[in-house]
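# kindly generate the corresponding structure for this input.
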Amino acid sequence: MTVEGETRAYARAGGSGQPALRYACPLCLSVVYGTADVMPGMINLYAGSLDEPARFKPEIAIFVSEKPPWDDVSRGLTCYETVPPQR
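Numbers count the residues shown, from 1 in each chain. Below is the predicted model of the structure:
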């Protein structure tokens with residue numbers, strides 16, 4: 001993954017309660033991607049930050065326990081109620 005331009009990092013507790021970093025646009029503060037201690041080596045990429053989201057092919061869906069009942073976008077993906085188990 002390549003990020004062009006600056007990002008502003010901020011730390012917070014992730015859904016697991018463990019530390020997570022979020023990287024946002026320093027101008028509009030939209031979150032672009034994040035990392036979490038419980039998912040070492042993985043990046044959470046926020047599809048809404050992509051110029052061409054239709055080119056994005058997700059591999060997993062996380063926190064499906066929090067999705068609204070009408071949300072079926074995780075269909076066909078490997079789903080996790082919260083975070084995936086550590087490898």
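# what about Val83, how many residues nearby?
Counted by other CB atoms under 10 Å, the residues lying close to Val83 total 19. Any C-beta I mention is one placed from the backbone N, CA and C, and that applies to glycine too.
# for the closest residue in space to Met39 that isn't next to it in sequence, give me phi and psi.
Take Met39 and drop its neighbours on the chain: the residue closest to it by CB to CB, 6 or more residues apart in numbering is Val83, 6.0 Å away. Dihedral pair for Val83: phi -110, psi 150, per degrees, to the nearest 10.
# can you name the residues that contact Val83?
With contact taken as CB atoms under 8 Å, 6 or more residues apart in numbering, Val83 is in contact with 14-16, 36, 38-39, 62-63.
# and if you look at Ile60?
Ile60 sits next to 77-80, 84 when contact means CB under 8 Å, 6+ apart.
# pLDDT added to those, as a markdown table?
Formatted as a markdown table, the contacts of Ile60 follow (pLDDT from 0 to 100):
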| residue | pLDDT |
| --- | --- |
| Leu77 | 91 |
| Thr78 | 91 |
| Cys79 | 91 |
| Tyr80 | 89 |
| Pro84 | 79 |
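# and those residues, which of them are buried?
Taking 16 or more other CB atoms under 10 Å as the criterion, nothing in the contacts of Ile60 is buried.
# closest to Pro53 among these?
Distance to Pro53, by CB to CB, is smallest for Leu77 among these, at 15.4 Å.
# is it correct that that closest one is in contact with Lys67?
No. Between Leu77 and Lys67 there is no contact under CB atoms under 8 Å: 11.7 Å.
# circling back: narrow the contacts of Val83 to those in strands?
Mapping the contacts of Val83 onto strands (DSSP state E) picks out Ala36.
# buried subset of the contacts of Val83 as a ChimeraX selection?
In ChimeraX, this line selects whichever of the contacts of Val83 come out buried by 16+ other CB under 10 Å:
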select :14,36,38,39,62
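# with pLDDT added, can I get the contacts of Val83 in a markdown table?
As requested, the contacts of Val83 are exported to a markdown table (pLDDT from 0 to 100):
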| residue | pLDDT |
| --- | --- |
| Gly14 | 82 |
| Gly15 | 76 |
| Ser16 | 77 |
| Ala36 | 88 |
| Val38 | 82 |
| Met39 | 82 |
| Ile62 | 84 |
| Phe63 | 86 |
